[in-house]
Structures are given as structure tokens and as C-alpha cells.
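Engineer: Below: sequence and its predicted model.
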Amino acid sequence: MPTPDPKSPRAAAEAQAVKALAAVELSGLSPILDIGCGPRKRGTVGMDIYPFPDVDVLYDVADGVPLPDGSVDGVYMYHVLEHLPMASYEHVLGEIWRVCRDGAWVRIKTPHFSCGRDF
């Protein structure tokens with residue numbers, strides 16, 4: 001991963017992520033990333049584009065996942081993908097793959113598009 005400008009949003013998000021991951025390691029919990037956690041974080045590291053109280057990493061997943069390679073045992077991403085541009089799907093899924101450790105699980109939930117609702 002290239003080193004970003006220390007004043008960039010990516011650098012700030014990476015610093016937040018390192019701090020959150022260190023706290024998880026100290027607690028003895030398995031590092032689980034919750035992308036789009038909102039106000040109800042399910043994982044041990046919450047990431048969202050909005051600054052809800054439980055958000056650990058404030059960043060837009062469409063721009064990537066600012067965590068180190070192989071740093072999590074699992075990823076939740078519930079009702080987020082449908083809010084992203086379709087052109088970003090491959091990049092986002094690649095970023096999730098990158099941050100997962102060997103044997104990690106990924107749970108992605110989206111609405112069924114036959115419901116006729118636009119997002």
C-alpha cells in the first residue's frame with residue numbers, strides 16, 4: 001500500500017484503524033470489521049462514512065478499506081453495497097479480500113433487487 005500524504009483523509013483513517021485494531025488485540029477479541037456500521041456496530045472495528053458515536057474509522061469504502069493487509073478475521077457489510085456506484089464493486093470487494101486473514105469470513109447483505117425499491 002503506498003504511503004499517503006499524512007494530512008490526507010486516507011492517512012487519518014489508517015491511523016484510526018491502527019488504533020482500533022490495537023484496542024481489539026488488547027481486549028483479546030477477534031478483529032472483525034463492520035463496514036457501514038452506522039450507530040449499531042456489530043464488529044469490533046466499525047467503519048462508516050458518517051461520524052456516528054461507535055465509528056472507529058471514518059472513511060468511504062468506495063475509496064478503499066484503510067486497514068493493513070491480512071488484519072481481520074471477518075467482515076460484515078450489511079446494506080452498504082447498494083449505495084455504492086456499481087463501478088466500485090470490484091475495487092471494494094478486492095479491498096475486503098486484501099484485509100482478510102487466511103480463513104476469514106465475509107458476510108455481505110443487500111436487499112433483493114426485485115423489491116423494486118431504488119437506492
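Structural biologist: Structure's in. What do you need?
Engineer: Against Thr110, how distant is Arg10?
Structural biologist: Arg10 is 26 Å from Thr110, where distance means C-beta to C-beta, to the nearest Å. For glycine as for every other residue, the C-beta is placed from the backbone atoms N, C-alpha and C.
Engineer: which one of those two has more residues nearby?
Structural biologist: The neighbour comparison of Arg10 against Thr110 (other C-beta atoms under 10 Å) goes to Arg10, with 17 against 13.
Engineer: thought that one was touching Gly64?
Structural biologist: Yes. In this structure, Arg10 is within contact of Gly64 by C-beta atoms under 8 Å, at 7.4 Å.
Engineer: The protein: helices as residue ranges?
Structural biologist: Along the chain, the segments classed as helices by DSSP state H run 9-27, 89-99.
Engineer: export those helices to JSON lines and tack on distance to His79?
Structural biologist: Formatted as JSON lines, the helices of the chain follow (distance: least, C-beta to C-beta, whole Å):
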{"stretch": "helix 9-27", "distance to His79": "21"}
{"stretch": "helix 89-99", "distance to His79": "14"}
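Engineer: Noted, bye for now.
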